[in-house]
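Visitor: 3D model of this:
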Amino acid sequence: MKHIKFLLFAFLSIFSACDYNPEQLFDKTKDPVAPALMIEGATHFIVTEELPDFFYSVLTWNKANFGKGVSARYHLQVADEETFTGTVKSVDLGTDIYLRALSATELYGWAIDDFGIYNEETERKDPATLFFRILAEELISAGSGGEPGALKSVISNVESITSQWYEGDDWDPVELTIRFKVVSGDWDEYAVYGWGESEAYGSWPGTLLEANGEGWYSITVPVNRPINLIINNNNNGRQFDFLKDPNESLCYEFEIADDNACTWTEVECPADEPALYMIGDDFGGWDWSSGGVVKMTPVNGFEGHFWAIRYIAAEKGFKWCTVRDWNGDFNSLGENIGYTVSNGNAYVAESGMYMVYVDTENKKIAVEPAKVYGMGDCFGGWNIASYPFVVEGQTMTYTTTGSGELRIYATTALSPAGGDWWRMEFVILNGKIAYRGNGGDQERVRADAGKKVVLDFNSGSGTIE
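Guide: Numbers count the residues shown, from 1 in each chain. Predicted coordinates for the structure are as follows:
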């Protein structure tokens, strides 16, 4: 019994001498080891206004060593000086992260927006060389014995990415025309949706397209970029990505498979239809790149005849040109009807809603009070010039008296259309005025009795209220 008590006493004595030390679990080093930073991918950034949508470079580093089992929090630091003595941008990367991909957009933000220096000669910022390093901070775990806030930190080596503007030929976006023709397969309708800087053709599904007499669909691509074109069957479940940022007017043939997949082939464009544009104080502000420039509508079947209806203010000048450029612009062709010319521009005597009609064949231009009529059962019948719209402010309106197809047309004494009212026809589609021009029959739109039809020609919108 004495021997047993002695052994127990000895065991307890040994055990009590062994204090628990949590530091042994971490085995901290006295001198932490900083991570080693490397750049994979490009180390020279070519700066462009239209940034490519991809990751340009990748930063990688190994784990900072604060001791066995000790984690670290990492921060990416960016500066325009290798010494990091000036402005420093910091990005919190999180815990135990050893890789950071750098996108072109992110590099642009640092090289131009944050650290770029304005150059008065080029009137833009010169991109900066970017210097990178990794700051690693020790994380103290609960029970590790460390003092809260008493953290160690280490900094990696410095790596850099140089930057310069793209030195190729600059391309200033211009308005383009893309045309396509469906040679196999078929959808009932075709619409174009554009996304990028804005929804260029309105919200989804965009603008419904109408083919001309030869089956060609035409898309006007605006100056504003970037833009991505999507062709769809007017929100009926079929669509495909078409073009991204086209830089020239081209024509394509579409082949639509049974599964509605589409392939397209660039082909030679058909001869361009003659065009005519009207520009002025209120029509683009004398800027040919503006969306406010009026593209006049051809009279169906009569080459060289164009028309447009607009509210025109008396003190606002305007003129015409066959191209969107100051190359051959004119204020008269010979005979001027309903307007005067002063200081090289055309003017009306009184503000109002006008039909602008240009007859290049007979060298005449008429600017006269607009005449717009309805046609069909919803207006009361099919008699010509019997259901006139009236001017309300800067719009024209008519309240339907029956139900049926909504067909509308304009007329003027200068037009050779005669009784063929449909040669200057238009309709309201998806809240916009859609002109027939030289195309075929348009999509039919129905209206019930008692509906107010409102036409805003200056904005291009139409409503059935």
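
Visitor: show the end-to-end separation of stretch 199-212, please.
Guide: Counting by C-alpha to C-alpha, to the nearest Å, you get 25 Å between the two ends of stretch 199-212.

Visitor: typed the wrong thing, it's stretch 437-449
Guide: Terminal residues of stretch 437-449 lie 28 Å apart, using C-alpha to C-alpha.

Visitor: what's in contact with that stretch?
Guide: With contact meaning C-beta atoms under 8 Å, 6 or more residues apart in numbering, stretch 437-449 is reached by 189, 208, 210-213, 273, 297-298, 300-301, 378, 400-406, 425-429, 434, 436, 453, 464. The C-beta positions use only the backbone N, C-alpha and C, and glycine is treated the same way.

Visitor: was I right to think Ser71 contacts Ile97?
Guide: No - using C-beta atoms under 8 Å, Ser71 is not in contact with Ile97; the gap is 10.7 Å.

Visitor: quick one: contacts for the closest residue to Gly202 other than its chain neighbours?
Guide: Leaving aside its sequence neighbours, Gly202 sits nearest to Asn430 (C-beta to C-beta, 6 or more residues apart in numbering; 7.0 Å). Residues in contact with Asn430 (C-beta under 8 Å, 6+ apart) are 202, 207-208.

Visitor: from Val390, how far out is Asn430?
Guide: Computed as C-beta to C-beta, to the nearest Å, the Asn430 to Val390 distance reads 25 Å.

Visitor: for Ile464, same thing?
Guide: For Ile464, the distance to Val390 - C-beta to C-beta - is 16 Å.

Visitor: those two: who's more crowded?
Guide: When Ile464 is set against Val390 and neighbours are counted by other C-beta atoms under 10 Å, the residue ahead is Ile464, at 16 against 11.

Visitor: now do the contacts for that one.
Guide: Neighbour list for Ile464: 406, 428, 445, 447, 451-454 [criterion: C-beta under 8 Å, 6+ apart].

Visitor: swap in Val348?
Guide: Taking C-beta under 8 Å, 6+ apart, we find Val348 in contact with 312, 314, 338-339, 354, 367.

Visitor: show me where the stretch 201-350 of the chain has its strands.
Guide: For the stretch 201-350 of the chain, strands defined by DSSP state E, counting those that start in this stretch occupy the ranges 207-208, 217-221, 227-232, 239-244, 251-256, 262-267, 277-280, 294-295, 297-298, 305-312, 318-321, 335-337, 340-342, 345-347.

Visitor: which one of those strands lies nearest to Pro35?
Guide: strand 239-244 (39.1 Å; C-beta to C-beta).

Visitor: which strands and helices sit next to that closest one?
Guide: Secondary-structure packing of strand 239-244 (3 or more C-beta pairs under 8 Å, 6 or more residues apart in numbering; DSSP states H and E): strand 227-232.

Visitor: output the below-cut-off pLDDT ranges for the stretch 151-300 of the chain.
Guide: Within the stretch 151-300 of the chain, the stretches with pLDDT under 70 are 168-172, 213.

Visitor: let's see 80
Guide: 151, 166-174, 197-198, 212-214, 223-226, 258-261, 271-273 (pLDDT under 80).

Visitor: Thr122: neighbouring residues, count only.
Guide: Thr122 has 9 nearby residues by other C-beta under 10 Å.

Visitor: ok, the closest residue to Cys251 other than its chain neighbours to Pro173 distance?
Guide: In this structure, Cys251 finds its nearest non-sequential neighbour in Cys269, 3.9 Å apart by C-beta to C-beta, 6+ apart. Distance, Cys269 to Pro173, by C-beta to C-beta: 20 Å.

Visitor: pLDDT value on the nearest residue to Val88 once chain neighbours are set aside, please?
Guide: Spatial nearest neighbour of Val88, excluding adjacent residues (C-beta to C-beta, 6+ apart): Ala79 at 4.8 Å. pLDDT for Ala79: 95.
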